[in-house]
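Visitor: could you work out the structure for the sequence below:
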Amino acid sequence: MAAMSASENGEPDGPIVVRKLTAADWTQLRAARLSALAEAPYAFASTLAREQEFADDVWRGRAGRGLTFGAWQGATIVGLATGLPPEGPTAAEASAPWHLVGMWVAPACRGQGAADQLVEAVCDIARQSGAASVTLWVTEVNDRARAFYRRLGFAPTGGRQLVRPEEPEHFEEELSRPLAGC
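Guide: Prediction:
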């Protein structure tokens, strides 16, 4: 891995490169995911406290499944997105939607195209598997993310659910994007 360069304020700099994570990336995945949960707890169904308790094997497994993409700036992951194939009875349908989960970009790197690249990486893997669409859930309080997804062609499905049962006032909305023609 290339050495990380840093700007004068200590933040990583240089080009952002998106690639699929491997099991060897587990420590960087852990650091990025815990940063995401600490920075934007309202945006995720999980919590920082819960994931801080995960054993190293959990992180190795997450990184090694080949479904998570990292936006790298030097040796640092500055963004994450995971694509999950369909499960259950619809999994056998070739066109069943994939799900985009765990999307996050570090605040210092927002607006630089990392989020677009991460979403496209997930859409590409879903398209290659034969999926007709990608769905996601976005919290109703996350206006920036909602606008971003709509700009990329995601539209509301009408689905709505609680983010976490212990927070009955915190909802998320389901969005979907067709992959044909994208």
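Visitor: how about the host helix or strand of residue 79: buried residues?
Guide: Here residue 79 sits within strand 76-84, counting by DSSP states H and E. Neighbour counts over strand 76-84 (16 or more other C-beta atoms under 10 Å) mark 76, 77, 78, 79, 80, 81, 82, 83, 84 as buried. Any C-beta I mention is one placed from the backbone N, CA and C, and that applies to glycine too.
Visitor: by how many degrees do the helix or strand following that strand and strand 76-84 diverge?
Guide: The first helix or strand that comes after strand 76-84 along the chain, using DSSP H and E, is strand 98-105. When axes from the mean of the first three to the mean of the last three C-alpha atoms, to 10 degrees is applied, the directions of strand 98-105 and strand 76-84 differ by 160 degrees.
Visitor: just checking, what packs against strand 98-105?
Guide: helix 26-39, strand 76-84, helix 114-128, strand 133-139 (3 or more C-beta pairs under 8 Å, 6 or more residues apart in numbering; DSSP states H and E).
Visitor: out of these, nearest to residue 95?
Guide: strand 133-139 (7.9 Å; C-beta to C-beta).
Visitor: name the residues that touch that closest one?
Guide: 42-43, 45, 83, 95, 97-101, 103, 122-123, 126, 145-146, 149, 154, 157, 159, 161, 163, 170-179 (C-beta atoms under 8 Å, 6 or more residues apart in numbering).
Visitor: for stretch 21-31, same thing?
Guide: Residues from elsewhere that reach stretch 21-31, judged by C-beta under 8 Å, 6+ apart: 54, 56, 59-64, 66, 68-70, 75-77, 80.
Visitor: contacts only, for the residue lying closest to residue 121 once chain neighbours are set aside.
Guide: Nearest non-adjacent residue to residue 121, counting by C-beta to C-beta, 6 or more residues apart in numbering: residue 69, 4.4 Å away. Applying C-beta under 8 Å, 6+ apart to residue 69 gives the contacts 18, 19, 20, 21, 80, 81, 82, 83, 118, 121, 122.
Visitor: ok, 10 Å please
Guide: Shown in contact with residue 69 (C-beta atoms under 10 Å, 6 or more residues apart in numbering): 18-21, 77, 79-83, 102-103, 117-122, 124-125.
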